[in-house]
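*Asks:* Got a sequence here, can you build the structure:
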Amino acid sequence: MNTSTNKKIKITIGEIIVTATMYDNPTTRDFLSLLPLTLALTDYNGTEKISNLPKKLSTKDAPAGYKPSAGDITLYAPWGNLALFYRDFDYSSGLIVLGKIDSGMDVFKVLPGTVNVKMELIQ
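*Replies:* Residues are numbered from 1 along each chain as shown. Predicted structure coming up:
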């Protein structure tokens with residue numbers, strides 16, 4: 001993954017702030033153009049927090065799939081939703097990695113149900 005642009009985002013969950021390093025690819029650039037963004041992340045499969053996005057993101061040059069690990073920020077292209085993985089998971093067709101939580105991913109494990117977050121680019 002190309003991290004040469006080294007874009008960082010801040011994810012605010014109540015009083016908790018975590019940061020993430022975003023990768024340089026067309027899907028990530030499209031996602032970053034939506035920020036700042038407030039999303040309601042719902043738990044899915046005891047593995048990830050997901051949310052719909054306000055628009056479909058570009059999948060130009062995206063791989064066929066990805067094997068996510070805890071901390072990965074991804075797009076599930078078939079549904080068009082954002083997914084933040086807090087547990088490792090199997091290879092999934094249509095999954096595109098956008099970035100990686102730098103630290104503090106465990107907060108998503110312990111917060112049950114729906115979690116409201118604000119995502120913004122760090123200048």
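
*Asks:* Assign a three-state SS to D30, would you?
*Replies:* helix (DSSP: H, G, I helix; E, B strand; the rest coil).

*Asks:* Give me the distance between it and P36.
*Replies:* 15 Å (CB to CB, to the nearest Å). C-beta here means a position set from N, CA and C on the backbone, and glycine is covered the same way.

*Asks:* same question, D106
*Replies:* 24 Å.

*Asks:* which one of D30 and P36 has more residues nearby?
*Replies:* D30 (18 against 11; other CB atoms under 10 Å).

*Asks:* correct me, but the more buried one touches T59?
*Replies:* No: with contact defined as CB atoms under 8 Å, D30 does not reach T59; the gap is 9.1 Å.

*Asks:* State the helix or strand in which V107 lies.
*Replies:* Under the criterion of DSSP states H and E, V107 resides in helix 106-110.

*Asks:* residues making contact with that helix?
*Replies:* 13, 16, 18, 41, 49, 84, 86-87, 115 (CB atoms under 8 Å, 6 or more residues apart in numbering).

*Asks:* Looking at those residues, spot the one nearest Q123.
*Replies:* Set against Q123, the nearest of the contacts of helix 106-110 by CB to CB is V18 (17.3 Å).
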